[in-house]
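Engineer: Return a 3D structure for these sequence lines:
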Amino acid sequence: ILNKSDIISVSVFGEPDLTFSAVEIRPDGIISLPLIGDVMAAGKTTQDLKIVLEDLYSEFLVEPSVTVVTINLKSQSYTVQGEVNRPGRYQIDRDISISEAISIAGGLKKGAFKATTIEVADLKHASIIRDGEILPVDFVALLRDRDSRFDITVQSGDKIVIPSGLREEIYVLGEVNNPTLLPYKENMQVSRSLALAAGTNQFANLRNIHIIRGSLSNPQILKFDFVGVLKGQGSEIALQPGDIVYVPKTGISSWTQIVNQIAPTLSIMNSGILLSETIRRR
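Structural biologist: Just a heads-up that it's a prediction; the model follows:
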């Protein structure tokens with residue numbers, strides 16, 4: 001999809017005077033061409049624009065054949081956050097896969113630990129977020145096993161988040177009063193994590209709490225009945241580093257619904273972690 005500031009070439013076959021190698025789409029989304037004047041280009045694909053231009057030029061030429069090619073998609077960009085060497089926003093000027101996007105961002109960051117060099121990225125909890133939803137990409141399979149099935153093309157607005165593997169924390173999300181990250185402590189139990197998140201709200205489904213463990217694209221999901229535990233009819237679950245304790249709303253049960261609820265909060269939370277770590281390092 002074309003947008004303001006993008007640069008395209010426009011040519012009419014057999015009409016050298018109507019060939020332009022670099023036409024920039026103005027801030028109002030319009031391009032100006034001889035004979036036909038102003039044309040709205042933003043929001044159209046190159047094919048859509050080709051059809052519009054051929055229709056307009058047909059008033060002056062017999063069966064005009066127009067070619068529209070993107071030269072520089074300045075408006076198209078994606079973001080890579082977290083444990084890469086050059087986090088930031090990058091422009092899309094061609095088809096770019098996830099692995100290429102991470103490579104462009106300098107690759108995964110490494111650090112020193114006990115006189116050895118280790119990778120600090122937590123690929124199990126890495127994610128790519130598109131339109132507020134986490135896509136089903138297994139970053140461990142993609143970057144460790146070179147599984148090309150997960151190496152999808154990045155789209156404008158995508159956010160790739162690579163959290164730190166050196167942090168041992170528990171996420172507590174959903175219908176709690178204070179969605180938060182908690183430092184992992186040995187033998188920490190689910191009920192304790194809920195208390196540290198200031199408890200649950202009136203919309204919480206306490207009989208169907210989810211503990212999400214491992215990769216978001218292929219997780220192990222444990223169910224926790226908090227009401228049963230309070231009545232002495234169930235058992236606690238010991239949490240592990242990186243676990244996500246998710247308290248759903250009543251009526252939310254499918255994994256797709258849960259992921260879509262988690263994605264925005266997880267993205268904001270990871271962004272906050274990255275910001276605070278950056279400030280501490282300065």
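Engineer: which residue sits closest to S32 in space, ignoring its chain neighbours?
Structural biologist: Excluding the flanking residues, the one nearest S32 by C-beta to C-beta, 6 or more residues apart in numbering is D38, at 5.3 Å. (C-beta placed from N, C-alpha, C; glycine too.)
Engineer: Just to be sure, that neighbour is in a strand?
Structural biologist: Yes. D38 forms part of a strand when assessed by DSSP: H, G, I helix; E, B strand; the rest coil.
Engineer: Can you give me the pLDDT of it?
Structural biologist: Reported pLDDT at D38 in the predicted model: 96.
Engineer: Does it touch I30 like I think?
Structural biologist: Yes. Between D38 and I30 there is a contact under C-beta atoms under 8 Å: 4.9 Å.
Engineer: what residue is smack in the middle of this structure?
Structural biologist: Nearest to the mean C-alpha position of the chain, by C-alpha atoms, centre = their mean, lies I129 at 2.1 Å.
Engineer: how close does that one get to S75?
Structural biologist: Plainly put, I129 is 19 Å away from S75 if you go by C-beta to C-beta, to the nearest Å.
Engineer: Same question for K185.
Structural biologist: As judged by C-beta to C-beta, K185 and S75 stand 47 Å apart.
Engineer: quick one: which of those two has more around it?
Structural biologist: More crowded of K185 and S75, by other C-beta atoms under 10 Å: S75, with 16 against 12.
Engineer: so what's that one up against?
Structural biologist: By C-beta atoms under 8 Å, 6 or more residues apart in numbering, the contact set of S75 is 2-6, 156.
Engineer: do that again at 10 Å, thanks
Structural biologist: Residues counted as contacts of S75 (C-beta atoms under 10 Å, 6 or more residues apart in numbering) are 1-6, 25, 42, 91-92, 156.
Engineer: That one: which element?
Structural biologist: Assigned by DSSP states H and E, S75 falls within no helix or strand.
Engineer: So the closest residue to it other than its chain neighbours versus L194, what's the distance?
Structural biologist: Spatially, and ignoring its direct neighbours in sequence, S75 is nearest to N3 (3.5 Å; C-beta to C-beta, 6+ apart). Separation of N3 from L194 (C-beta to C-beta): 44 Å.
Engineer: Of the two, which one has the most company?
Structural biologist: Set N3 next to L194 and count neighbours by other C-beta under 10 Å: L194 wins out with 21 against 16.
Engineer: Kindly confirm my reading that the more buried one forms part of a strand.
Structural biologist: No. Applying three-state DSSP, one finds L194 to be helix, outside a strand.
Engineer: got the contact list for the spatially closest residue to Y57 that is not a sequence neighbour?
Structural biologist: For Y57, ignoring the flanking residues on the chain, the nearest one in space by C-beta to C-beta, 6+ apart is P64 at 4.1 Å. By C-beta under 10 Å, 6+ apart, P64 lies in contact with 12-15, 18, 53-58.
Engineer: quick one on the thing from earlier: D38 and I30: which has the busier surroundings?
Structural biologist: Set side by side, D38 and I30 show more neighbours around I30, with 14 against 11, by other C-beta under 10 Å.
Engineer: The more buried one is in contact with G43, isn't it?
Structural biologist: No. Assessed by C-beta atoms under 10 Å, I30 is found out of contact with G43, at 11.1 Å.
Engineer: Need the residues touching each of these two.
Structural biologist: Shared contacts of I30 and G43, defined by C-beta under 10 Å, 6+ apart, comprise K4.
Engineer: Now that we're looking at R280, what pLDDT does it have?
Structural biologist: Looking at R280, its pLDDT stands at 37.
Engineer: How far away from the center of its chain is stretch 57-73?
Structural biologist: 35 Å (C-alpha atoms, centre = their mean, to the nearest Å).
Engineer: now the helices: where do they sit in the stretch 51-200 of the chain?
Structural biologist: 98-104, 139-143, 190-196 (DSSP state H, counting those that start in this stretch).
Engineer: Of the ones you listed, which is nearest E236?
Structural biologist: Among those, the nearest to E236 by C-beta to C-beta is helix 190-196 (6.3 Å).
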